[in-house]
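Q: could you look at this predicted model? Sequence included:
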Amino acid sequence: MIKIYNTLTRSKEEFKPIEPGKISMYVCGPTVYNFIHIGNARPMIVFDTVRRYFMYKGYDVNYVSNFTDVDDKIIKEAIEEGTTAEAVSTHYIEECRKDMAGMNILPATKNPQATQEISGMIQMIQTLIDKGYAYPAADGTVYYRTRKFQGYGKLSHKNIDDLEAGHRDIKVTGDLKEDPLDFVLWKPKKEGEPSWPSPWCDGRPGWHIECSVMSKRYLGSTIDIHAGGEDLIFPHHENEIAQSEAANGVPFAHYWMHNAFLKINNEKMSKSLGNFFTVREISEKYDLQVLRFFMLTTQYRKALNFSAELMESAKAGLTRITTAADLLRDRISKAADAPLTDEENKKLQALDGCRQNFEDAMDDDFNTADAITAIFDIVKFINTETDENSTKAYLDKIHSVFYQLSDVLGLILDKKDDDLDSEIEALIEERQAARKNKNFAKADEIRDKLLSMGIQLKDTREGVKWQRV
Ligand code: AMP
Ligand code: ZN
């Protein structure tokens, strides 16, 4: 049984999907005006891992995550770069996709973009106006009538009378609001800004309506899980609930999941504070697998402090894991094809225990920290409970559990070696071709290059063989 901490009820609840075996999940994505920073990477890694665990448990996950590609910050960046907002967002979406691939984040079922969904937004705003939940002001701005929505404040557990309007709303014409709590659904265009025609004015959508509309279009009116960083609880997610539930007349999401912040020197890492590292910067120093592993060493609802020491220790931890994978593969390649022995069968019970511990940890609101402990127990098992006499059947069983669980965390155990192997094979082929053409200098050069990579060649009657030295 999987338990999820639901921000809505402030408690861990047993997860029950709307439809058996299926999960609909919406994760608020980044605003694309620059390279993403590693704070933005935390929800990406965390919720990708949540998705992977559901898949491991046999669920079919429909995973939607948007790109916010129309926003004041994008427009500002475009003006600074002397280009269009579209050019800025297109460029950074592409860069973000590269970062996500580097962090081994599974491609979403769909990555909708706000600018491609404007007609749906106009429709939902019109529905809200028709139902009395929204009103156009004299200048064409459309506001949401916050106090009319009965459940306002239920996600952030705020009392409506204590509320101040959210800071992420751009107050275009605050004095035209009926109430200071009302927030913008549609705003009139300013000179030089991207805009779309609407029944109220040429303009663009507010940030919150985007997610309500994209979530409904790709996942339906009621979804299983809606997720994002904890700074989104208020006002973004609170406003999404107000919009969606008023427009659709049904609950918006059953479970609301929020990751805690990635911090640096105990402050939230953010673009506005300037205390951030981009994922791209980190990739120059580390394999992004290390960043992914680092993020998962702490349960997602706990704040995580970024430091060079912790990255180094993540790197060392990950190396312990991949080294065990190397050893296991090596043993498998040399193992006798014999059936499991009784003794091996007994030993495998301990491995089952590791799998159980892993699942118990993940079932408990995705406690990846404890899940990693279970992975380290498997590493220890490989190092102490296998040897050159182990049967292939036994080693294959260990391999299967080790790889399956590592994959839930998105850890790649042997990509490096595969890449290296194909590079070696290509060099050997090149050397063979050089020898055939009697270019012995070139052939020797390639042999020396391989030697410097720790690869020794042996010419045998069956052809060229290589080994690590
Ligand atoms: P933004 O581009 O600011 O809308 O953020 C995209 C996602 O990254 C949202 O889910 C944010 O909550 C999340 N996020 C931004 N900064 C951090 C941080 N320092 N730690 C964790 N999550 C963050
Ligand atoms: Zn959102």
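A: That came through fine. Ligands and ions are numbered 1, 2, ... in the order given.
Q: where do the helices sit along the stretch 251-400 of the chain?
A: 279-285, 288-296, 308-334, 342-363, 368-385, 392-408 (DSSP state H, counting those that start in this stretch).
Q: compare those helices and give me the one nearest ligand 1.
A: For ligand 1, the closest of these is helix 288-296, at 9.5 Å, according to Cβ to the nearest ligand atom. C-beta coordinates here come from the backbone N, C-alpha and C atoms, glycine included.
Q: leaving aside the residues adjacent along the chain, what's closest to Glu13?
A: Excluding the flanking residues, the one nearest Glu13 by Cβ to Cβ, 6 or more residues apart in numbering is Asn6, at 5.1 Å.
Q: my guess is that neighbour contacts Trp256, does it?
A: Yes. Asn6 is within contact range of Trp256, at 5.9 Å (criterion: Cβ atoms under 8 Å).
Q: tell me the phi and psi of Asn111?
A: Dihedral angles of Asn111 (phi, psi; degrees, to the nearest 10) stand at phi -110, psi 80.
Q: burial check on it, number of neighbours?
A: Applying other Cβ atoms under 10 Å, we find 18 residues neighbouring Asn111.
Q: distance of it from Phe15?
A: As judged by Cβ to Cβ, to the nearest Å, Asn111 and Phe15 stand 24 Å apart.
Q: wait, what's in contact with the residue in the stretch 151-300 of the chain positioned nearest to ligand 1?
A: Residue nearest to ligand 1 within the stretch 151-300 of the chain: Gly229 (1.9 Å; Cβ to the nearest ligand atom). By Cβ atoms under 8 Å, 6 or more residues apart in numbering, the contact set of Gly229 is Cys28, Gly39, Arg42, Pro43, His258, Asn259, Phe261.
Q: can you redo those residues as JSON lines with neighbour count and pLDDT?
A: Compiled in JSON lines, the contacts of Gly229 are given as follows (neighbours: other Cβ atoms under 10 Å; pLDDT from 0 to 100):
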{"residue": "Cys28", "neighbour count": "23", "pLDDT": "98"}
{"residue": "Gly39", "neighbour count": "24", "pLDDT": "97"}
{"residue": "Arg42", "neighbour count": "23", "pLDDT": "98"}
{"residue": "Pro43", "neighbour count": "25", "pLDDT": "98"}
{"residue": "His258", "neighbour count": "21", "pLDDT": "98"}
{"residue": "Asn259", "neighbour count": "27", "pLDDT": "98"}
{"residue": "Phe261", "neighbour count": "18", "pLDDT": "98"}
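Q: now, which of these lie within strands?
A: His258, Asn259 (DSSP state E).
Q: tell me the one of the contacts of Gly229 nearest Phe366?
A: Phe366 lies nearest to Asn259 out of the contacts of Gly229, by Cβ to Cβ, at 10.0 Å.
Q: pLDDT wise, what is the residue in the stretch 301-450 of the chain that ligand 1 sits nearest to at?
A: Closest to ligand 1 within the stretch 301-450 of the chain is Leu304: 7.9 Å, counting by Cβ to the nearest ligand atom. pLDDT for Leu304: 98.
Q: now swap in Lys449 and tell me
A: As predicted, Lys449 sits at a pLDDT of 84.
Q: what's the local residue count around the residue nearest to Glu13?
A: 20.
Q: contacting residues around it?
A: Going by Cβ under 8 Å, 6+ apart, Asn6 touches Lys12, Glu13, His254, Tyr255, Trp256, Met257.
Q: and if you look at Ser244?
A: Residues near Ser244 by Cβ under 8 Å, 6+ apart: Ser212, Ser215, Lys216, Ser221, Phe252.
Q: sticking with the nearest residue to the last one once chain neighbours are set aside, tell me its helix or strand.
A: Which is Phe252. The shortest distance from Phe252 to any residue other than its chain neighbours is 4.2 Å, reached at Ser244 (Cβ to Cβ, 6+ apart). Ser244 belongs to helix 238-248 when elements are defined using DSSP states H and E.
Q: how far does that helix sit from its chain's centre?
A: Taking Cα atoms, centre = their mean, to the nearest Å, one finds helix 238-248 lying 25 Å from the centre of the chain it belongs to.
Q: quick check: buried residues in it?
A: Glu238, Asn239, Glu240, Ile241, Ala242, Gln243, Ser244, Glu245, Ala246, Ala247, Asn248 (16 or more other Cβ atoms under 10 Å).
Q: tell me which two of these sit farthest apart.
A: By the measure Cβ to Cβ, Glu238 and Asn248 form the most distant pair in the buried residues of helix 238-248, at 16.3 Å.
Q: would you mind measuring from the residue nearest to Ala114 when sequence neighbours are not counted to Gln150?
A: Setting aside the residues directly before and after it, Ala114 is nearest to Glu210 in space (Cβ to Cβ, 6+ apart), at 4.3 Å. According to Cβ to Cβ, Glu210 stands 24 Å off from Gln150.
Q: quick one: name the residues of this protein near ligand 1.
A: 28, 30-31, 39-40, 42-43, 228-229, 231-232, 259, 261-262, 268-270 (Cβ under 6 Å from any ligand atom).
Q: okay, now the closest residue to Gln404 other than its chain neighbours: neighbour count?
A: Of all residues not flanking Gln404 in the chain, Tyr56 sits nearest, at 7.1 Å (Cβ to Cβ, 6+ apart). Tyr56 has 15 neighbours, counted by other Cβ under 10 Å.
Q: next one: Trp196
A: 16.
Q: can I get the helices of the stretch 251-400 of the chain in a markdown table with mean neighbour count?
A: Compiled in a markdown table, these are given as follows (neighbours: other Cβ atoms under 10 Å):
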| stretch | mean neighbour count |
| --- | --- |
| helix 279-285 | 16 |
| helix 288-296 | 24 |
| helix 308-334 | 16 |
| helix 342-363 | 16 |
| helix 368-385 | 18 |
| helix 392-408 | 18 |
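Q: nearest to Pro205, of these?
A: Checking the helices of the stretch 251-400 of the chain against Pro205 by Cβ to Cβ gives helix 279-285 as the closest, at 27.7 Å.
Q: mind giving me the packing neighbours of that closest one?
A: Packing contacts for helix 279-285, counted by 3 or more Cβ pairs under 8 Å, 6 or more residues apart in numbering; DSSP states H and E, involve helix 38-56, helix 85-102, helix 288-296.
Q: at 7 Å instead, please
A: The helices and strands touching helix 279-285, judged by 3 or more Cβ pairs under 7 Å, 6 or more residues apart in numbering; DSSP states H and E, are helix 38-56, helix 85-102.
Q: mind checking which of the ones you listed is nearest Thr386?
A: helix 38-56 (24.0 Å).
Q: for the helix or strand just after that closest one, packing partners?
A: Once helix 38-56 ends, the next helix or strand along the chain (criterion: DSSP H and E) is strand 60-65. Helices and strands touching strand 60-65, by 3+ Cβ pairs under 7 Å, 6+ apart, are strand 22-27, helix 38-56, helix 207-219.
Q: report the mean confidence score over strand 60-65.
A: Mean per-residue pLDDT for strand 60-65: 98.
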